[in-house]
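Engineer: Below are the sequence and a predicted model for it; my questions follow.
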Amino acid sequence: MTLKEILPPDLQDEFERPPAYSFLKQRHFFAISPWLKPILRGLDSDINRVGFLLQWGYFRSSGRFFKTSRYAPGDVQFVGKLLKVEVSFEQLQTYDRATIGRHRQLIRTELGVKPFQDTAKEIAWGEVRHLVTRQVSPSAVFGSLCEFIRTHRIEVPTYYTLAVLITQAFTEFERDLLTLLKREVTPAQVGLIESLFEKLEAEDSHRQIYRLSTLRQASEVIKLADIRENMARLKELKTLYHALLPALTRLKMSDDLVDHYAQYVLRAEIFQIKRHQNSPLLALCFIQYQYFHLSDILLITFRNTTGQILNQIQGQRDKLMVAAYGENLPAMDTILESYLRQAEQLMRTAFSFDKTQAEKFDLLIKQLNDPSITAFLHLVPSVKKLHQQTRKTLANSFLHQAMREHTRVLMTRVADIMRHIEFTPSTPTDTLGLALVAYQNRHGVITATAPTDFLTAAEKKIVDNEGHFDTALYKVWLADYLIRALKSGRITVRTSHQHRAFDEHLIPQTEWETQKQTLLERAALRHLTHWPTVQQTLSCPEIG
């Protein structure tokens with residue numbers, strides 16, 4: 001059996017060497033505990049004493065034993081001084097193999113660690129089989145397996161032993177996966193997979209291009225042409241994904257595994273993919289990965305485009321307000337000047353102390369017939385217009401006007417995204433979720449029956465104004481609310497890598513209920529099974 005290269009040669013060599021200790025770490029790990037003193041005194045030679053203490057210190061820190069040829073000369077010298085004996089690195093190479101075995105058993109027994117054999121090996125084998133279904137990087141499996149072994153108080157074996165286990169696990173897993181795939185995929189699904197290798201006429205030339213090559217492309221530019229190309233690919237991948245979803249569901253592949261196979265498809269030549277022994281599996285993983293990836297790209301496009309246009313709407317509103325203010329400023333100046341002049345005359349007459357009431361009345365009648373009063377009354381239409389403009393400003397009419405003017409630009413870019421991305425509300429009765437379902441079911445056509453419960457009371461009144469349903473405002477607000485819901489997690493996207501619901505990253509409820517003890521054992525958390533006991537332990541005064 002050819003072993004996988006789990007670690008590069010330099011890391012393999014590092015794994016087989018004891019940890020490098022500073023002086024402080026040497027003092028800590030090679031410290032002679034009360035348990036060690038009688039054992040060291042009972043050993044029959046200085047070599048055995050030095051060798052025993054070195055094995056003890058290395059095992060305490062790394063959970064494994066090493067060949068004497070790999071011991072650090074500096075550690076040998078330190079332990080010799082600690083024991084007040086003179087044993088060189090060369091002399092230590094005569095440390096007897098049988099004696100080494102007995103000493104290792106003593107150390108394992110004292111520290112409560114099981115040797116890597118029989119039951120302990122079976123436990124590790126079960127874990128590595130689980131790991132290869134969740135992780136595809138051999139080095140990641142190696143690291144997780146070492147951590148699992150140490151957590152479960154099992155001796156960490158050599159690199160070769162672990163490499164054999166991991167290679168066997170990967171070989172069995174891929175064999176079982178292909179067997180399951182052949183059993184689950186229907187002839188119709190096989191035809192869909194094979195259709196990826198069909199040649200199509202390229203639009204920009206007379207040459208032919210594989211269908212798979214067109215689906216591998218994905219542009220992150222937010223130009224309209226790029227958005228439309230991405231949407232065309234998304235629709236095609238969406239159809240393929242849902243047609244193949246039963247097979248993907250039965251395979252139960254982890255995201256890392258799907259990503260691993262998909263990345264090979266994205267890098268390799270078409271003929272290499274087509275001839276690969278795992279070609280159907282590669283194609284399946286690519287379809288899922290690329291569909292999720294394009295969904296993420298289009299959601300980023302949706303967020304950025306909508307954000308830009310909403311900013312443009314705010315800018316347009318400010319321009320309209322400034323323009324209206326500039327247009328009304330001369331009229332406002334005239335009105336205020338006339339008002340102040342008339343007010344001053346009336347106040348002088350009304351509060352005069354050198355005139356009788358009859359004289360004040362005659363003077364007021366005379367002032368009413370003055371031409372300046374007539375000119376003042378001629379300003380009433382300007383006052384009404386100014387009043388109307390003020391009310392429009394207070395009612396955000398300029399904002400709504402800007403929203404209507406930008407609706408077409410916005411929806412040209414994001415309408416298809418809102419129609420075809422598979423949005424999922426946090427609850428089935430979520431008002432925004434229901435509005436999105438209605439929008440998608442009606443293929444983006446907005447009518448007076450469109451759900452408005454996600455809007456505020458003031459927004460509802462503006463949208464449905466005395467029987468006139470303002471579809472332009474409705475579309476902009478729907479996009480705006482959707483952006484905020486995606487950010488908060490109120491709306492998620494199951495067919496996405498970045499916008500998936502938090503629960504999607506948790507252990508499924510049914511799996512937890514049926515395999516709770518196994519999962520706790522794998523995580524070394526069996527001691528936390530019974531909450532009252534844990535609570536009592538945490539509340540003990542001597543803890544912490």
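Structural biologist: Thanks, I have the structure now. Numbering: from 1, shown residues only.
Engineer: Would you mind measuring from residue 221 to residue 238?
Structural biologist: In this structure, residue 221 and residue 238 are 21 Å apart, going by C-beta to C-beta, to the nearest Å. Any C-beta I mention is one placed from the backbone N, CA and C, and that applies to glycine too.
Engineer: Please disregard the earlier target; I meant residue 195.
Structural biologist: Distance of residue 195 to residue 238, computed by C-beta to C-beta: 15 Å.
Engineer: The two: who's more crowded?
Structural biologist: Neighbours per residue, other C-beta atoms under 10 Å: of residue 195 and residue 238, the larger number sits with residue 238, 18 against 12.
Engineer: pretty sure that one is in contact with residue 420, am I right?
Structural biologist: Yes: the pair residue 238 and residue 420 qualifies as a contact (C-beta atoms under 8 Å) at a distance of 6.6 Å.
Engineer: residues contacting residue 149?
Structural biologist: Remark: with contacts taken as C-beta atoms under 8 Å, 6 or more residues apart in numbering, residue 149 is in contact with 63, 116, 124, 155, 156.
Engineer: for it, helix, strand, or coil?
Structural biologist: Following DSSP: H, G, I helix; E, B strand; the rest coil, the label given to residue 149 is helix.
Engineer: pLDDT at it, what is it?
Structural biologist: The model reports residue 149 with a pLDDT of 94.
Engineer: Check the one 3 residues further on too.
Structural biologist: According to the model's per-residue confidence, residue 152 sits at a pLDDT of 91.
Engineer: what about it, distance to residue 444?
Structural biologist: Distance check for residue 152 against residue 444: by C-beta to C-beta, it reads 56 Å.
Engineer: Ok, residue 13 next?
Structural biologist: Between residue 13 and residue 444 the distance, using C-beta to C-beta, works out to 62 Å.
Engineer: Quick one: residues in contact with the one helix or strand residue 475 maps to.
Structural biologist: With the criterion set as DSSP states H and E, the secondary-structure element containing residue 475 is helix 471-488. Helix 471-488 has contacts (C-beta under 8 Å, 6+ apart) with 299, 302-303, 306-307, 310, 313, 400, 403-404, 406-407, 410-411, 414-415, 418, 423, 432, 435-436, 439, 446-447, 450, 452, 454-455, 459, 462-463, 490-493, 499.
Engineer: Residue ranges of each domain in this structure, please.
Structural biologist: The record's domain split for the chain, according to automatic domain parsing, is 9-111, 119-184, 310-493, 511-539.
Engineer: Quick one: closest of those to residue 285.
Structural biologist: domain 119-184 (10.3 Å; C-beta to C-beta).
Engineer: what about that closest one, how long is it end to end?
Structural biologist: The straight-line separation of the ends of domain 119-184 (C-alpha to C-alpha, to the nearest Å) is 35 Å.
Engineer: Tell me, what's the model's pLDDT at residue 472?
Structural biologist: The score at residue 472 is 94. That number is its pLDDT.
Engineer: burial count for it?
Structural biologist: Using other C-beta under 10 Å, residue 472 has 18 neighbouring residues.
Engineer: One more: residue 16?
Structural biologist: Residue 16 has 14 neighbours, counted by other C-beta under 10 Å.
Engineer: Looks like it contacts residue 71 (just checking).
Structural biologist: No: because the distance of 11.6 Å does not satisfy C-beta under 8 Å, residue 16 is recorded as not touching residue 71.
Engineer: Could you tell me which ranges of the stretch 401-544 of the chain sit under the pLDDT cut-off?
Structural biologist: Along the stretch 401-544 of the chain, segments meeting pLDDT under 70 span 524, 526-527, 540-544.
Engineer: Scan the helices and strands of the protein for the one with the lowest mean pLDDT.
Structural biologist: Taking all helices and strands of the chain together, the one with the lowest average confidence (mean pLDDT, DSSP states H and E) is helix 380-394, at a mean of 64.
Engineer: all helices in the stretch 251-400 of the chain, in order from the N-terminus.
Structural biologist: In chain order, the stretch 251-400 of the chain shows helices spanning 255-267, 270-275, 279-350, 357-368, 371-377, 380-394, 397-420, with DSSP state H, counting those that start in this stretch as the criterion.
Engineer: Can you spell out which helices and strands pack onto the second one?
Structural biologist: This points to helix 270-275. Contact analysis of helix 270-275 by 3 or more C-beta pairs under 8 Å, 6 or more residues apart in numbering; DSSP states H and E lists helix 211-216, helix 279-350 as its packing neighbours.
Engineer: Pull the contacting residues for residue 419.
Structural biologist: Taking C-beta under 8 Å, 6+ apart, we find residue 419 in contact with 439, 440, 443, 444.
Engineer: what comes up buried for stretch 494-512?
Structural biologist: For stretch 494-512, the buried set under the neighbour-count rule, 16 or more other C-beta atoms under 10 Å, comprises 495, 496, 499, 500, 501.
Engineer: can you check stretch 314-327 too?
Structural biologist: Neighbour counts over stretch 314-327 (16+ other C-beta under 10 Å) mark 316, 317, 320, 321, 324 as buried.
Engineer: for stretch 100-110, same thing?
Structural biologist: Of all the residues in stretch 100-110, those buried under the rule 16+ other C-beta under 10 Å are 100, 103, 104, 107, 108.
Engineer: Check stretch 259-269 too.
Structural biologist: Using 16+ other C-beta under 10 Å as the test for burial, stretch 259-269 gives 259, 260, 261, 262, 264, 265.
Engineer: How much space separates the residue lying closest to the third one once chain neighbours are set aside from residue 487?
Structural biologist: Counting by C-beta to C-beta, 6 or more residues apart in numbering, residue 285 is the residue found nearest to residue 261 once chain neighbours are left out, at 3.7 Å. From residue 285 over to residue 487 the distance is 29 Å, taken as C-beta to C-beta.
Engineer: Between those two, point out the one with more neighbours.
Structural biologist: When neighbours are counted by other C-beta under 10 Å, residue 285 comes out ahead of the other of residue 285 and residue 487, with 23 against 11.
Engineer: Now for that one: which residues touch it?
Structural biologist: Each residue near residue 285 by C-beta under 8 Å, 6+ apart is listed here: 253, 257, 258, 259, 260, 261, 262, 265.
Engineer: 7 Å instead, please
Structural biologist: With contacts taken as C-beta atoms under 7 Å, 6 or more residues apart in numbering, residue 285 has the following neighbours: 253, 258, 261, 262.
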